[in-house]
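Student: sequence first, predicted model second:
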2 protein chains.
Amino acid sequence: MMNNSNSSETALLDFSAWAAAKQARIEDVLNNALPSTNVAPQRLHSAMRYSALEGGKRVRALLCYAASELCKTDAKVADAAACAVELIHAYSLVHDDMPCMDDDDLRRGKPSCHKQYDDATALLVGDALQSLAFEVLSQANLCTQTNHQVSMLNILAKASGSTGMAGGQAIDLASVGKMLSQTDLEQMHQLKTGALIQAAVLLGGINGEIEKTAAISTYAKNIGLAFQVIDDILDVEADSSTLGKTAGKDADTNKPTYVSILGLAEAKLHAQQLYDNAIDALTPFGESALRLRELAGFITQRRF
Amino acid sequence: MMNNSNSSETALLDFSAWAAAKQARIEDVLNNALPSTNVAPQRLHSAMRYSALEGGKRVRALLCYAASELCKTDAKVADAAACAVELIHAYSLVHDDMPCMDDDDLRRGKPSCHKQYDDATALLVGDALQSLAFEVLSQANLCTQTNHQVSMLNILAKASGSTGMAGGQAIDLASVGKMLSQTDLEQMHQLKTGALIQAAVLLGGINGEIEKTAAISTYAKNIGLAFQVIDDILDVEADSSTLGKTAGKDADTNKPTYVSILGLAEAKLHAQQLYDNAIDALTPFGESALRLRELAGFITQRRF
């Protein structure tokens, strides 16, 4: 979607190395945060690790780290924030895949949690991953300014709940077979995907240079929506093995998407517009926002 | 189980009035904390209110308020703590009742959430009630000492997660049809019921006179276990209409309980011993621990 000049290819290489380092780092942080399979209840802990480790591109963690670099947040705080956001995301995938929700057997190229274990375990895995997110973010001696820590917890809780991610999922389920306006669709996706993406960026920044919060919030809102538009496009264009989940699912289940409402070409233009808005919000920060800028490109160009 | 002298009857009357006032108060606090049914997604919010309001005896909230009175915590903090604990409890009931877990159609004398709504809604209700608990407890300007607020959030998260309530539920599910030792059973119930009861007491006290924490923690641990022992006894002795849930369920599903392991008479003696331990822990505080003492009696004498 973006131009590929030689200079941007160089930047892309740098970005790949940066992203790989952060992906390894969040894997390590998650590995330490998740209880060992030696600790009872062992089957639950095994299923939690199965669901939260070795997963995905860690876009939310990358956004969190990129925002923390822009706002000069402590590394320890950025780790906890990225970890908490990824745990919430992992829990949501486990519950979304369950038979009473999207009933999806495949996740990140592996059997989804309830297929690998069982429905009751998947339910408890999601529940316990959510608790663990708040446990990680409320650990003692994380922030010198504990009022920032309380704010981070509040942002994460709101982004996860009934007026955030869980609420978006509820609207999504209710919208099957219905015609939605673009405004309604945007509101649904703002909750379902956007809220947690936005939280990832804010949590990365809030314990640092707090005066940048408004700008990164605008960036985050646009990139969160762009993420969902691309998701809808990929559901039509990609195959299951590339996606690591079942493709063509939206059309099969008669769910309204950006593609079904706007058409493919218009949906792509919309993603480009959201990308542009996100980039514009970073203008005041010049090179210090490089990673967030690159991530916006990564998200809109992705094929996964 | 306890003696009923005239003086204790007078105290019981006082306690009833106190409990009724606190039950009305927590209902009001929950009512304000839960999103209105006018706010989208309306069906989800309606189901959240259905599941969290007008429910039960609010034992956890009463314990939280009683501990806050002993430790002289701010009323606003006690309200938030009691509300958060009741929201976690409500979420756990909604998920426990689901077909893939205990598959129970009746809760607090009404159809359980998934029967009244549907499985997907019940899943999201539980998820969103958990988020809301952390949202309420992380609200801005709640505690002057935000480090106490962070501690409260951490206690609640640990009590809810895989080494707390959700973990206890996992062990409970895995124990069906197995013989457990009393020690294993106690560990399971310490997680499943005890952890959140203990958190309720600690959360009530922690932003107040923190030097009382160790004593109320001992109280809480014993009363949490006593609660579960009584639960097992009532499952055998009471009928469904009194309980407001399906009686005889444990024996039907071949779950190990205190009654199945110790026998009825021994289980009652065990409850008495736990009650005595809880009361002993309060000795240093004299009359200022009256409500916690009365609550211990209320819990061990209950018929619901």
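Tutor: Thanks, I have it.

Student: burial check on A:Arg25, number of neighbours?
Tutor: Residues lying near A:Arg25 (other C-beta atoms under 10 Å in any protein chain shown) number 18. Every residue, glycine included, has its C-beta placed from N, CA and C.

Student: do A:Leu124 as well
Tutor: Look at A:Leu124: counted by other C-beta under 10 Å, it has 30 neighbours.

Student: from B:Ser162, how far off is it?
Tutor: Separation of A:Leu124 from B:Ser162 (C-beta to C-beta, to the nearest Å): 8 Å.

Student: now do the shared contacts for the two.
Tutor: The contact sets of A:Leu124 and B:Ser162 overlap at A:44, B:170 (C-beta atoms under 8 Å, 6 or more residues apart in numbering or on different chains).

Student: hey, where'd the helices end up in the stretch 51-200 of chain A?
Tutor: A:59-71, A:75-96, A:113-116, A:119-137, A:146-160, A:165-174, A:182-189, A:195-205 (DSSP state H, counting those that start in this stretch).

Student: just give me the lowest mean pLDDT stretch among these.
Tutor: Ranked by mean pLDDT, these end with helix A:182-189 at the bottom, a mean of 86.

Student: what's the closest of the helices of the stretch 51-200 of chain A to B:Val77?
Tutor: Among those, helix A:146-160 comes nearest to B:Val77, with 12.6 Å by C-beta to C-beta.

Student: say whether chain B is contacted by that closest one.
Tutor: Yes: using C-beta under 8 Å from any C-beta of the partner chain, helix A:146-160 comes into contact with chain B via A:146-147, A:149-151, A:153-154, A:156-158, A:160.

Student: just send the residues you listed back as JSON lines, with neighbour count and distance to A:Gln139 too.
Tutor: Listed next are the residues of helix A:146-160 next to chain B as JSON lines, based on neighbours: other C-beta atoms under 10 Å in any protein chain shown; distance: C-beta to C-beta, whole Å:
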{"residue": "A:Thr146", "neighbour count": "20", "distance to A:Gln139": "11"}
{"residue": "A:Asn147", "neighbour count": "16", "distance to A:Gln139": "16"}
{"residue": "A:Gln149", "neighbour count": "28", "distance to A:Gln139": "9"}
{"residue": "A:Val150", "neighbour count": "26", "distance to A:Gln139": "13"}
{"residue": "A:Ser151", "neighbour count": "20", "distance to A:Gln139": "16"}
{"residue": "A:Leu153", "neighbour count": "26", "distance to A:Gln139": "11"}
{"residue": "A:Asn154", "neighbour count": "19", "distance to A:Gln139": "16"}
{"residue": "A:Leu156", "neighbour count": "30", "distance to A:Gln139": "13"}
{"residue": "A:Ala157", "neighbour count": "27", "distance to A:Gln139": "16"}
{"residue": "A:Lys158", "neighbour count": "19", "distance to A:Gln139": "20"}
{"residue": "A:Ser160", "neighbour count": "31", "distance to A:Gln139": "18"}
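
Student: now, among the residues you listed, which is nearest to B:Gln116?
Tutor: For the residues of helix A:146-160 next to chain B, the nearest to B:Gln116 is A:Ser160 (23.8 Å; C-beta to C-beta).

Student: list the contacts for the closest one?
Tutor: Per C-beta under 8 Å, 6+ apart, neighbours of A:Ser160: A:88, A:130, A:133, A:166, A:195-196, A:199, B:127, B:131.

Student: I'd like to know how far it sits from A:Lys115.
Tutor: 24 Å.

Student: and A:Pro284, by the same measure?
Tutor: Look at A:Pro284 and A:Lys115: by C-beta to C-beta, they are 47 Å apart.

Student: these two: which is more packed in?
Tutor: For A:Pro284 versus A:Lys115, neighbours defined as other C-beta under 10 Å are more numerous around A:Lys115 (17 against 9).

Student: so which strand or helix has the residue nearest to A:Pro35 when sequence neighbours are not counted?
Tutor: Excluding its sequence neighbours, the residue lying closest to A:Pro35 (C-beta to C-beta, 6 or more residues apart in numbering or on different chains) is A:His45, at 4.7 Å. Per DSSP states H and E, A:His45 falls inside helix A:42-52.

Student: ok, back up a step: mind giving me CSV with the helices of the stretch 51-200 of chain A and columns for distance to B:Tyr65?
Tutor: Putting the helices of the stretch 51-200 of chain A into CSV (distance: least, C-beta to C-beta, whole Å) gives the following:
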stretch, distance to B:Tyr65
helix A:59-71, 38
helix A:75-96, 30
helix A:113-116, 38
helix A:119-137, 23
helix A:146-160, 22
helix A:165-174, 29
helix A:182-189, 39
helix A:195-205, 32
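
Student: out of those, flag the one nearest A:Ser36.
Tutor: A:Ser36 sits nearest to helix A:119-137 of all the helices of the stretch 51-200 of chain A, at 13.1 Å, using C-beta to C-beta.

Student: which parts of the stretch 1-150 of chain A sit against chain B?
Tutor: Listed as neighbours of chain B in the stretch 1-150 of chain A under the rule C-beta under 8 Å from any C-beta: A:35, A:39-41, A:43-45, A:48, A:91, A:95, A:98, A:100-101, A:118-121, A:123-124, A:126-128, A:130-132, A:134-135, A:138-140, A:142, A:146-147, A:149-150.

Student: rerun that using 7 Å as the cut-off
Tutor: Proximity of the stretch 1-150 of chain A to chain B (C-beta under 7 Å from any C-beta of the partner chain) is limited to residues A:35, A:40-41, A:43-45, A:48, A:95, A:98, A:100-101, A:119-120, A:123-124, A:127-128, A:130-132, A:134-135, A:138-140, A:146-147, A:149-150.

Student: ok, the residue nearest the centre of chain A to chain B distance?
Tutor: In chain A, the residue lying closest to the centroid (C-alpha atoms, centre = their mean) is A:Arg60, at 4.1 Å. Distance of A:Arg60 to chain B, computed by C-beta to the nearest C-beta, to the nearest Å: 16 Å.

Student: that residue contacts A:Leu87, correct?
Tutor: No: using C-beta atoms under 7 Å as the test, A:Arg60 is too far from A:Leu87 to be in contact (10.1 Å).

Student: mind listing what A:Leu185 touches?
Tutor: By C-beta atoms under 7 Å, 6 or more residues apart in numbering or on different chains, the residues touching A:Leu185 are A:256, A:258, A:261.

Student: as CSV, those with secondary structure, distance to chain B and pLDDT would be great.
Tutor: Formatted as CSV, these follow (DSSP: H, G, I helix; E, B strand; the rest coil; distance: C-beta to the nearest C-beta, whole Å; pLDDT from 0 to 100):
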residue, secondary structure, distance to chain B, pLDDT
A:Pro256, coil, 15, 84
A:Tyr258, helix, 20, 90
A:Ile261, helix, 19, 89
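
Student: who touches A:Glu27 in this structure?
Tutor: Contacts of A:Glu27 by C-beta under 7 Å, 6+ apart are A:Leu53.

Student: and the stretch 151-300 of chain A, which residues reach chain B?
Tutor: So far as C-beta under 7 Å from any C-beta goes, the stretch 151-300 of chain A lies against chain B at A:153-154, A:157-158, A:160-163, A:166-167, A:169-171, A:173-174.

Student: try it again with 8 Å
Tutor: A:151, A:153-154, A:156-158, A:160-164, A:166-167, A:169-171, A:173-174, A:187.

Student: avg pLDDT for the top helix by length along chain A?
Tutor: In chain A, with assignment by DSSP state H, the single longest helix is helix A:6-33. For helix A:6-33, the mean per-residue pLDDT is 83.

Student: cheers, nothing more for now.
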